[in-house]
Structures are given as C-alpha cells and as structure tokens.
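Visitor: one predicted model, sequence on top.
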Amino acid sequence: MTTTPALAEFELSSGHTTAMHAIYKHLHAHPELSMQEHRTAAYIREKLDELGLETFACGGTGVVGILRNGDGPVVGYRADTDGLPIQEDTGLDYASTTRGTLPDGTEVPVMHGCGHDTHITVGLTAARLLAEGRQGWSGTAVFIFQPGEESAAGS
Ligand SMILES: [Zn+2]
C-alpha cells in the first residue's frame, strides 16, 4: 500500500499525541453524570471553536461541530459524553475524584468507566486533523457529541 501525499497530512505528530493525551486526561479527571455534561460540553465546544468549526448545542448538553470543506460526501462521527456513578480505584494521577447527584438526589462518585472520555478525545483529534489537513479532502465532516448515553436520555 502506498501513502499518497494527501493522506500523509493526517498522520499524528508528537504535538498531536501530546495534545490528545492532555485532552484525554482532562476529560477523564472531570466526568459528569448523564444529562449534566455542562462543563464537558463547554470544553468540547471550546476545542471545536479553536479549530474554526461551526458549533451549536443540541439535545440539552450535546454539542455538534460542522467542518465544511467544499463539495463531497457528508460524514459523521458520533461520541457519547457522560460518565458513570462509579468510584474510580485506578490509582492514576489523573483519576477522577468527582462526585455528582443522580436525579433521585443520591450523591455518588463519578467516573468515565465506559470509554466516553476516549470517544470524545478521538472525535476532537479527528476534527483537528481534518481541519488542519483540509487541502487533502473535500466534503463535510459532522462531529456529534451526544449526552446521556448511560441513561438513554440523550443518546
Ligand atoms: Zn457508555
């Protein structure tokens, strides 16, 4: 398989990898319960705004980012954004110490125990690569960050 010059634009540099790890650790350390993803949504929107995407809120605490780049297919990437009511016991230096309140009023620990922190990180990194490498493709990329997957209230 040969790599075309255009495809080479999408390779991760060490700068991309460093930024990706920072995004992941931030998200992992700051999980929020279903339909309470206010800080997460603001963080996602800030990152998409930095990349020059059109953004709008959707589904309460959801965020959509659109990267328009000429004629071509419209392709979507979807990530979920909520954490779970779980006590993290990983010992990681970026482990969550966050607590939240369930709809019934119960206070609980919160953890990204289902990989949604990874899903968001991958989406934001893909958006960055496509925004920076826009000369290598054409079409429209839509990034959909859905809240409330664990409770089925949003996703
Ligand atoms: Zn999940």
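Guide: All right, it came through fine.
Visitor: what about the residue of the chain found nearest the ion, how many residues nearby?
Guide: As assessed by Cβ to the ion, the ion sits closest to C114 within the chain, at 3.2 Å. The C-beta positions use only the backbone N, C-alpha and C, and glycine is treated the same way. Applying other Cβ atoms under 10 Å, we find 16 residues neighbouring C114.
Visitor: now swap in V108 and tell me
Guide: V108, neighbours per other Cβ under 10 Å, totals 15.
Visitor: and the residue nearest the centre of the chain?
Guide: I120 (2.0 Å; Cα atoms, centre = their mean).
Visitor: quick check: G59 touching G154?
Guide: Yes: using Cβ atoms under 8 Å, G59 is in contact with G154, at 5.1 Å.
Visitor: which one of those two is surrounded by more residues?
Guide: Under the criterion of other Cβ under 10 Å, the comparison of G59 against G154 puts G154 first, with 20 against 17.
Visitor: give me the secondary structure label for G100.
Guide: With DSSP: H, G, I helix; E, B strand; the rest coil as the basis, G100 sits in strand.
Visitor: near the ion, which residues of the protein show up?
Guide: Within the chain, the residues that sit near the ion (Cβ under 5 Å from the ion) are C114, E149.
Visitor: report pLDDT for A153.
Guide: Here the pLDDT value assigned to A153 is 87.
Visitor: what count of nearby residues applies to it?
Guide: Neighbours of A153 using other Cβ under 10 Å come to 15.
Visitor: again, but for D89
Guide: Applying other Cβ under 10 Å, we find 9 residues neighbouring D89.
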